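Q: Attaching a predicted model along with its sequence, questions to come.
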Amino acid sequence: MRHHDEDDGDQREEGEGTDDVKGILGGGVVAPPGHGAGQAVRLGDVLAPSEQREAGPHHGHQPDGKAPYSTFYIIGLVLSMQIPFVGFQPIRTSEHMAAAGVFVLLQVYAFLQYLKDRLTKQEFQTMFFLGVSLAAGVVFLCVIYLTYTGYIAPWSGRFYSLWDTGYAKIHIPIIASVSEHQPTTWVSFFFDLHILVCTFPAGLWFCIKNINDERVFVALYAISAVYFAGVMVRLMLTLTPVVCMLSAVAFSSVFEHYLGDDMKRQSPPVEDSSDEDDRKNAGNLYDKAGKVRKHVSEQEKAEEGLGPNIKSIVTMLMLMLLMMFAVHCTWVTSNAYSSPSVIAGMANRTTLVDNNTWNNSHIALVGKAMSSNETAAYEIMRSLDVDYVLIIFGGVIGYSGDDINKFLWMVRIAEGEHPRDIRESDYFTPQGEFRVDKAGSPTLLNCLMYKMSYYRFGEMQLDFRTPPGFDRTRNAEIGNKDITLKHLEEAFTSEHWLVRIYKVKKLENRDRVEHQLRGTDTKQKYTSKKTSKRKRGYIKNKLSLKKGKKLSKKSL
């Protein structure tokens with residue numbers, strides 16, 4: 001790291017308060033009590049020997065820049081590999097090769113600095129160009145060989161989705177289906193950062209205005225974090241640290257400017273006697289000029305009296321914003337993002353599909369079962385030894401996050417692994433619409449997810465203004481109201497139909513023989529009301545018996 005004591009001293013008049021970010025690369029900032037803004041002491045400067053501190057500004061690479069990175073990289077690498085799910089991924093994936101490359105470059109640079117003090121200039125230049133060329137070629141060939149043999153995994157789909165937002169939806173829909181992989185909305189930025197959204201650019205400007213090595217790192221970190229946070233909502237975690245730091249710089253600069261003591265007015269420069277004579281003559285010739293100068297002096301006095309009021313207003317406004325930010329953070333942590341802890345005891349039940357997306361083929365198989373008809377889905381569920389199927393249905397209460405609204409993601413994931421059996425276009429109308437009413441696709445109206453969601457829903461009338469089977473979430477009357485289940489049976493439905501559980505039937509010992517029900521003659525005419533000629537009632541579709549004639553003895 002470079003020490004910029006002299007440079008910072010020249011820049012304090014231009015923008016004080018931005019020195020708070022010094023030492024971020026060194027691992028921390030120490031601010032003893034009584035130190036104001038702009039007086040933060042870098043931890044490396046405090047712990048450095050006295051000879052090094054007295055040496056003044058250094059130029060070039062310093063050992064304290066290599067040591068923190070090397071220590072952090074080695075310890076972080078070893079600790080991350082202790083997690084069973086991570087394992088050897090930090091040394092076998094392409095995403096981690098950049099960090100390893102920086103680590104190697106730092107060691108090479110330190111070795112070259114060691115040789116520079118022990119070789120002549122000509123020998124050092126020859127060894128430098130030869131060694132760098134040879135090392136770069138060897139590293140390049142090794143990386144290509146390890147990638148080709150499969151030891152180093154290629155770039156993952158999540159990495160490509162950071163640069164091309166539509167890549168995951170086309171090639172790996174399981175990544176795009178996760179809610180935390182969606183682009184961040186403006187509401188999320190304000191909900192998570194509040195007033196810091198406005199103060200963050202001001203702090204970034206103060207860092208860029210008085211640039212040095214430490215502030216270059218902060219500026220690059222801020223710009224890159226803003227981009228990644230906009231691409232993926234989960235990367236908001238990488239943006240919040242630098243937003244807090246730069247917002248602190250902005251507030252510190254404002255408070256330092258409006259709470260500091262007024263600078264003493266400098267005495268006017270001594271003018272030549274000739275200039276004084278000219279001014280006096282001008283005053284004698286033009287009386288109005290003297291009046292103007294008197295008016296200006298009164299205006300300056302008025303401005304001096306208005307200064308404290310402006311400072312008080314700005315200070316109170318800043319304190320109010322900070323108070324609102326503190327209240328917002330308290331509300332978010334206590335209400336919005338807080339939920340009661342619930343122990344889920346599932347009686348030793350095995351869940352086939354959870355929120356982990358590492359097994360794409362298994363999730364695609366479950367998606368295929370939901371997208372297929374009941375007979376084909378029953379075969380898949382029997383192969384997976386499924387006993388119960390749980391779905392979320394929001395058509396009664398208007399919940400938009402149910403499984404019908406997310407059903408297309410199941411289709412896309414299943415199509416990625418089973419393109420011959422599942423096609424996303426089959427679930428749309430010829431006009432390209434996804435509809436659940438009578439105009440919906442026959443494939444959709446016959447799939448297992450549709451049947452489980454709308455089973456017995458056609459018998460329910462939610463409002464006298466809507467027909468039976470009206471879906472409040474989709475604002476449509478379902479197209480298939482007479483749904484019958486052959487291989488599943490309803491086991492549980494909550495009060496508002498939000499949670500529905502179906503039990504998978506066991507295989508029957510004997511195959512059921514399909515037969516038609518007995519037909520009746522429906523052409524009989526009947527009267528629904530009693531008349532004077534016919535006092536008895538009439539049962540619709542009642543079987544009528546035709547009496548035969550009794551044979552007489554003579555006929556026998």
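A: Received, thanks.

Q: how many other residues sit next to residue 419?
A: Residues near residue 419, counting by other C-beta atoms under 10 Å, number 10. (Glycine included, C-beta is placed from N, CA and C.)

Q: Now do the strands for this structure: every range, in order, please.
A: 29-30, 41-42, 388-392, 470-471, 476-477, 488-493, 499-504 (DSSP state E).

Q: Which one of those lies nearest to residue 224?
A: strand 29-30 (21.6 Å; C-beta to C-beta).

Q: circling back to that earlier point, I'd like the strands of the chain laid out as CSV, including mean pLDDT, distance to residue 371 and mean neighbour count.
A: What follows is these, written out as CSV (pLDDT from 0 to 100; distance: least, C-beta to C-beta, whole Å; neighbours: other C-beta atoms under 10 Å):
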stretch, mean pLDDT, distance to residue 371, mean neighbour count
strand 29-30, 37, 55, 15
strand 41-42, 39, 59, 18
strand 388-392, 93, 13, 16
strand 470-471, 94, 19, 22
strand 476-477, 92, 20, 16
strand 488-493, 94, 16, 14
strand 499-504, 95, 16, 17
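
Q: And these: which comes nearest residue 148?
A: strand 388-392 (43.9 Å).

Q: Packing partners of the closest one?
A: When contacts are defined as 3 or more C-beta pairs under 8 Å, 6 or more residues apart in numbering; DSSP states H and E, strand 388-392 sits against helix 448-454, strand 499-504.

Q: try 6 Å this time
A: strand 499-504 (3 or more C-beta pairs under 6 Å, 6 or more residues apart in numbering; DSSP states H and E).

Q: Now tabulate the strands of the chain in a markdown table and tack on distance to residue 433.
A: Compiled in a markdown table, those are given as follows (distance: least, C-beta to C-beta, whole Å):
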| stretch | distance to residue 433 |
| --- | --- |
| strand 29-30 | 57 |
| strand 41-42 | 62 |
| strand 388-392 | 23 |
| strand 470-471 | 15 |
| strand 476-477 | 11 |
| strand 488-493 | 28 |
| strand 499-504 | 26 |
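
Q: which stretch among these comes nearest residue 66?
A: Nearest to residue 66, of these and by C-beta to C-beta, is strand 41-42 at 16.4 Å.

Q: ok, back up a step: ok, which of the strands of the chain comes nearest residue 109?
A: strand 41-42 (22.0 Å).

Q: How about the contacts made by the nearest residue to residue 505 once chain neighbours are set aside?
A: Using C-beta to C-beta, 6 or more residues apart in numbering and skipping the chain neighbours, the partner closest in space to residue 505 is residue 487 (5.5 Å). Contact partners of residue 487, counting by C-beta atoms under 6 Å, 6 or more residues apart in numbering, are 374, 378, 505.

Q: Pull out the buried members of those residues.
A: Among the contacts of residue 487, the ones that count as buried by 16 or more other C-beta atoms under 10 Å are 374, 378.

Q: what's residue 219 in contact with, if anything?
A: Applying C-beta under 6 Å, 6+ apart to residue 219 gives the contacts 207, 208.

Q: and it, what pLDDT?
A: Note on residue 219: pLDDT of 92.

Q: Next: residue 358.
A: 68.

Q: got it, and the one 5 residues further on?
A: At residue 363 the predicted local distance difference test score is 87.

Q: What separation is there between it and residue 410?
A: 9 Å (C-beta to C-beta, to the nearest Å).

Q: How many residues are close by residue 410?
A: 24.

Q: Check the spacing between it and residue 366 real quick.
A: Applying C-beta to C-beta, the value for residue 410 to residue 366 is 8 Å.

Q: who's in contact with stretch 382-389?
A: 501, 502, 503, 504.

Q: Spatially, and excluding backbone neighbours, which residue is closest to residue 160.
A: residue 167 (4.7 Å).

Q: What is the neighbour count of that neighbour?
A: Residue 167: 17 neighbours (other C-beta under 10 Å).

Q: Give me the phi and psi for the residue nearest to residue 505.
A: phi -110, psi 0 (degrees, to the nearest 10).

Q: How about residue 466?
A: Backbone geometry at residue 466, expressed as degrees, to the nearest 10, gives phi -120, psi 150.

Q: ok, it - contacts?
A: For residue 466, the contact set (C-beta under 6 Å, 6+ apart) is empty.

Q: if I look at the residue nearest to residue 505, how far off is residue 205?
A: Separation of residue 487 from residue 205 (C-beta to C-beta) stands at 65 Å.

Q: Check residue 255 too.
A: Note on residue 255: its distance to residue 205, by C-beta to C-beta, is 17 Å.

Q: Show me the contact partners of stretch 313-325.
A: 194, 195, 254, 258.

Q: Out of the residues you listed, which is nearest to residue 152?
A: Among the contacts of stretch 313-325, residue 194 lies closest to residue 152 (C-beta to C-beta), at 42.2 Å.

Q: The strands of the chain: which one's closest to residue 432?
A: Closest among these, once you apply C-beta to C-beta, is strand 476-477, at 16.6 Å.

Q: Paired strands for the closest one, with orientation please.
A: Paired with strand 476-477 in the same sheet, following DSSP bridges, are strand 470-471 (antiparallel).

Q: Contacts for the partner strand, please.
A: So strand 470-471 is contacted by 395, 477, 478 (C-beta under 6 Å, 6+ apart).

Q: ok so, going back, I'd like the contacts of residue 487 laid out as a markdown table, including distance to residue 109 and pLDDT.
A: Formatted as a markdown table, the contacts of residue 487 follow (distance: C-beta to C-beta, whole Å; pLDDT from 0 to 100):
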| residue | distance to residue 109 | pLDDT |
| --- | --- | --- |
| 374 | 66 | 93 |
| 378 | 65 | 94 |
| 505 | 70 | 92 |
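
Q: and which of the contacts of residue 487 is nearest residue 199?
A: Each of these was scored against residue 199 by C-beta to C-beta, and residue 374 proved nearest at 57.5 Å.

Q: Hmm, that closest one is touching residue 447, no?
A: No - at 8.5 Å, residue 374 and residue 447 do not qualify as touching, with contact defined as C-beta atoms under 6 Å.

Q: measure stretch 447-460 end to end?
A: Stretch 447-460 has its terminal residues 21 Å apart, counting by C-alpha to C-alpha, to the nearest Å.

Q: Flag every buried residue along it.
A: Buried residues in stretch 447-460 (16+ other C-beta under 10 Å): 447, 448, 449, 450, 451, 452, 453, 454, 455, 457, 458.

Q: just stretch 191-204 next, same as before
A: 192, 193, 194, 195, 196, 199, 200, 203, 204.

Q: Can you flag which of these belong to helices?
A: Members of the buried residues of stretch 191-204 lying in helices (criterion: DSSP state H): 192, 193, 196, 199, 200, 203, 204.

Q: Now render those as JSON lines, adding distance to residue 87.
A: Shown next, in JSON lines, are these (distance: C-beta to C-beta, whole Å):
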{"residue": "192", "distance to residue 87": "32"}
{"residue": "193", "distance to residue 87": "35"}
{"residue": "196", "distance to residue 87": "37"}
{"residue": "199", "distance to residue 87": "41"}
{"residue": "200", "distance to residue 87": "37"}
{"residue": "203", "distance to residue 87": "39"}
{"residue": "204", "distance to residue 87": "38"}
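
Q: just those now: which is nearest residue 102?
A: Out of those, the member with the shortest distance to residue 102 (by C-beta to C-beta) is residue 204, at 24.1 Å.

Q: and the closest one, what does it touch?
A: Neighbours of residue 204 in contact, by C-beta under 6 Å, 6+ apart: 222, 246.
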